[in-house]
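*Asks:* Take this sequence and fold it.
(2 chains)
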There are 2 protein chains.
Amino acid sequence: MAVYVYKFGGTSVGSVERIKAVAERVKNARELGHQLVVVVSAMSGETNRLIALANETQKQPDARELDALISTGEQVTSALLSMALQEIGCPACSYTGGQVRILTDSVHNKARIRSIDSEKMRADLEVGKVVIVAGFQGIDEHGNITTLGRGGSDTTAVALAAALKADECYIYTDVDGVYTTDPRIEPKARRLDKITFEEMLEMASLGSKVLQIRSVEFAGKYNVALRVLSSFKEGKGTLITYEESPMESALISGIAFNRDEAKLTITGVPDLPGVASKILGPIADANIDVDMIIQNIGEDGATNFTFTVHRNDFARAKSLLEATCEQLGAKKIICDDTIVKVSIVGVGMRSHAGIANTMFKTLADEGINIQMIATSEIKISVVVAEKYLELAVRALHAAFELDKEPAGS
Amino acid sequence: MAVYVYKFGGTSVGSVERIKAVAERVKNARELGHQLVVVVSAMSGETNRLIALANETQKQPDARELDALISTGEQVTSALLSMALQEIGCPACSYTGGQVRILTDSVHNKARIRSIDSEKMRADLEVGKVVIVAGFQGIDEHGNITTLGRGGSDTTAVALAAALKADECYIYTDVDGVYTTDPRIEPKARRLDKITFEEMLEMASLGSKVLQIRSVEFAGKYNVALRVLSSFKEGKGTLITYEESPMESALISGIAFNRDEAKLTITGVPDLPGVASKILGPIADANIDVDMIIQNIGEDGATNFTFTVHRNDFARAKSLLEATCEQLGAKKIICDDTIVKVSIVGVGMRSHAGIANTMFKTLADEGINIQMIATSEIKISVVVAEKYLELAVRALHAAFELDKEPAGS
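*Replies:* Got it, this is the predicted structure:
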C-alpha cells in the first residue's frame, strides 16, 4: 500500500468551499487504496491578519509569542479539513505539529526540524484514517511552540514524507508545476516534467517561488520524491528527483530571475589583506544577507568591491557602507537599486562547454550590458539593468530552445 | 507575596486596544508586588466565527476537531496579551492549556479538569513574570486538545487558583457584580457585595449568566475566594464566599429567571413501575438535559408527567416523546415553548418559614397563574407564561424588598 504526503498551500484552502474541494481530492486518492498524510497551510490571508494583530500590539513582537500566535492559522485549517473529510464519509484526524512531536530547535520564527515521532500517524493510517497535520510548526524540547518560517509547510510535508518513508510527496499549489521561466514574462515558457533537486535549488533561490528552498534541500537529503502540481487543475505537475535522465540532452532547464536585488560598489579601497571582511563584516553583523560578491583590481592598485543585497536592506546597507568607506579611506560609493539578476540553470552545463558564451553572446546581440557575472557548477547569473529583464529572459529562452521538448525526454 | 488569578472575558479582550488596557491593569497590580496568573478568553466574536466555519464545513462538527479548532481563539489572545505586557516593560509568558498540563478527561466540548501541573507557572512567577494561560482548554491523557464548554475560561481560572493556592480569583467581565436580579428587567436591582457559593450556584444555573456554573462548584469545592468585577469600571464587585454572614437578615438574595425553557406533558400514562424511566430514557439517550420534572396522578388512576428542556432541544424532545406516547399507550402530548422559569434564591430560606407563601401570594395578587413548582433547600422555582416574566420579577423584587440594603449588612 502506497503512502503519500499531500501538502496544500494557503490559496488551496482559502475558503470552506476550497477546503471541501481539497477533501474530495483526498477522498478520491484514498479510495484508490493509498495511505494519506495531508499537510495544510493557514487559510490565505490568515497569517497576515495575525501578524498585523501582533504588530499592533508590540513594536517588535516577541518571537516566542509570535509563534504561539501564528501557529493557530494552520491548526484551524487542519481541523476544518478533517471535518470536511468526515462529512463526506472519509475517516480523518487532525494534529498540531506538537501533537505528532515535530521536534525542532528553539530558534523561534525559523526553527529547524530535529525529529518526528511517526507512531501516532502510522497507527491512524493502519486503521484507514487520513492523517492531517498543521504545517509550518513544531515544538521544542521545552514544549514551546515553534514555527519554521514562511513557506514552512512545504518543509513539514517533506519531513513527514521522510519520516514515513512515503512513496511521493505532492505539493499542491496555485501553479501547475515548475516552468522553464516565468510565463508572465515569456508566454512560451514550458512546464518541466522533471527537474533535479540541484536545479530546483538554484531555481528556487533565484526567485522561482514555487517551493520553500529548505523543503527542497530536505527532500534531496532524505531522497524524498517531490511533485509540484496545481490544486485547481488536473495535470501531473513537475517531479523533483535526484535522478538525472541519462538521455536528457537539454543544456539548461530554466531561466530564473530576481527583481529584488540592489547593487553596492565601493571604489578605490586600499588593497590590503582583510579588506573583504572589513567591508562585509558590518553588513553581516546587521543581519543583511549578501548575494553576489565581486572584487576587482581597479586603477592605482586599489580595489573595487561590489556586492548585491535584497532591496529591502538597501538603505541600511548603504549607510553602513558609507561609514566603512570613510574608515577605510576608500574613494567613493556607487549604488544602484534598479538592477535585476538573470540566471540560466541546468545540470547539462556540467557536460557541455560553450553555454556561458551562448548566454553572453545572446545578451550582447540584444545590446544588453552585463554588469556582474557569477557562476556555479549548474548555473550562470548575470546582473543587468532592470529595464532589460523581459528582453533578456525572452532572448535566452529562445537561444536555449526552452520552448521545445528536449530531444531525449 | 500574594498570588492572584485574574480572568478576562471576551469583551474585555475584544480588540488590541482593550488588550492593551488589560495589560495596563495587570502591570499595575504586579507593581503592587503581587504574583499574577492571567486567564483569557477568545476575543469577542472569535469563537462564534470559528464555530460558523465548522458548521459550514460539517453538518454535525466532530467534537474532537471542534476542540482543536476553537481552542485557537484563546491561544491568540494569550499570545497578544503577553506581547502587550512586554511592550510596556512587564515580563510575561503565555501558555496553552496543554502547555501547563491542564489534564482533562476525554469528553470533548465539555471536558472536566483532572489535574494541573503548576511547576512551570511557579517557576515563571518566582522570576517575576506574569503567567498568561489560554482559558477554556486542556489536553487529555492521549494529548488531544479538549475544551471545557462555553464559559470554560472561568473554570480554568478557578482551577488555576486552586492549584496555585491563590489568595483570590478575580473574574473580570462586562458586568460589575452579581445583582439581585437582571437590571434590564428591574431597574431597582441592587449589586450584592457578597453572595454564598450555594446561592451563586442557584442563581447561575437559573440564568444569571455571570459565571459558568462549574467554575462556582469548583471554587466552592476547593475553597477559592472568587470575585466578579467589571473590566471597564472601578469597583469591588461581588465576592463569592463560603461564609454566611451570621447577622444577615435578608430572606432571599436574588431573583433569577430563565427564558430558554420549554415544557412537555404526556397525559394518561398507565401508572406502572418504571414509567418515568421509560419516558425520560430516550430523552437522556439523545443527550437532552431535563430541568424540572413533575409527576401527578390524573384521572382514572393514570399519570400525567411533565418536564422542561432547553428550547433548543424542544423539537427533538417532542418527536421522541411522541414515539414514547404511542409505545406506552398514553393519551396525548401537550407542549408549550412559551414559558419561563422564575426563581427566588437565598440561604435565608433555611431559617425562615413562609417564604414560599409570600412568593405564591405575590404572584396570585398580580393574576399570574403558576404552572409548575419546584423547590430546593435555598430556592423556589415556578414556571409561568412567558408574557408574565417582567411582571413576576418586579413584583417579587418589591415583595422581598431587594432594592433595600439588608439590615444586618
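
*Asks:* what's next to stretch A:349-361, contact-wise?
*Replies:* Residues from elsewhere that reach stretch A:349-361, judged by C-beta atoms under 8 Å, 6 or more residues apart in numbering or on different chains: A:251-252, A:344, A:346, A:348, A:370, A:375, A:377-380, A:382, A:396, A:399-400. From N, CA and C alone the C-beta is placed, and that goes for glycine too.

*Asks:* Next, the contact list for residue A:122, please.
*Replies:* When contacts are counted by C-beta under 8 Å, 6+ apart, residue A:122 is found next to residue A:164.

*Asks:* three-state assignment of it?
*Replies:* Classification of residue A:122 into helix, strand or coil gives helix, according to DSSP: H, G, I helix; E, B strand; the rest coil.

*Asks:* before we move on, the earlier item: and which of the contacts of stretch A:349-361 is nearest chain B?
*Replies:* When these are compared for distance to chain B, the smallest value, 41.1 Å, is given by residue A:379; criterion: C-beta to the nearest C-beta.

*Asks:* you'd agree that closest one is up against residue A:202?
*Replies:* Yes - with the criterion set as C-beta atoms under 8 Å, residue A:379 and residue A:202 qualify as a contacting pair; they are 4.6 Å apart.

*Asks:* Neighbour count for those two, which is higher?
*Replies:* For residue A:379 versus residue A:202, neighbours defined as other C-beta atoms under 10 Å in any protein chain shown are more numerous around residue A:202 (27 against 24).

*Asks:* Okay, residue A:127 and residue B:142: tell me how far apart.
*Replies:* Distance, residue A:127 to residue B:142, using C-beta to C-beta, to the nearest Å: 15 Å.

*Asks:* repeat for residue A:379
*Replies:* Taking C-beta to C-beta as the criterion, residue A:379 is separated from residue B:142 by 49 Å.

*Asks:* Then residue A:159?
*Replies:* The gap separating residue A:159 from residue B:142 is 23 Å, by C-beta to C-beta.

*Asks:* Look at these two and report which has more neighbours.
*Replies:* The residue with the greater number of neighbours, taking residue A:159 and residue B:142 and applying other C-beta under 10 Å, is residue A:159; the counts read 30 against 8.

*Asks:* Can you tell me the closest non-neighbouring residue to residue A:91?
*Replies:* Sequence neighbours aside, residue A:129 is the residue nearest to residue A:91 in space, at 4.6 Å (criterion: C-beta to C-beta, 6 or more residues apart in numbering or on different chains).

*Asks:* List the buried residues for stretch A:121-141?
*Replies:* Going by neighbour count (16 or more other C-beta atoms under 10 Å in any protein chain shown), the buried part of stretch A:121-141 is A:121, A:124-125, A:129-140.

*Asks:* what about that stretch, start to end distance?
*Replies:* Using C-alpha to C-alpha, to the nearest Å, the gap from the first to the last residue of stretch A:121-141 comes to 20 Å.

*Asks:* Tell me how far it lies from the chain's centre.
*Replies:* Between the mean C-alpha point of stretch A:121-141 and the mean C-alpha point of its chain there is a distance of 24 Å (C-alpha atoms, centre = their mean, to the nearest Å).

*Asks:* Show me which residues of chain A sit near chain B.
*Replies:* Chain A comes close to chain B at residues A:16, A:19-20, A:50, A:53-54, A:56-59, A:61-62, A:64-66, A:68-69, A:72, A:75-76, A:78-80, A:82-84, A:86-87, A:93-94, A:96, A:98-99, A:143-145, as judged by C-beta under 8 Å from any C-beta of the partner chain.

*Asks:* Just the buried residues out of these, in PyMOL syntax.
*Replies:* Selection command for PyMOL covering only the buried members of those, criterion 16+ other C-beta under 10 Å:
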select buried, chain A and resi 16+19+20+50+53+54+56+57+58+61+62+64+65+66+68+69+72+75+76+78+79+80+82+83+84+86+87+93+94+96+98+99+144+145
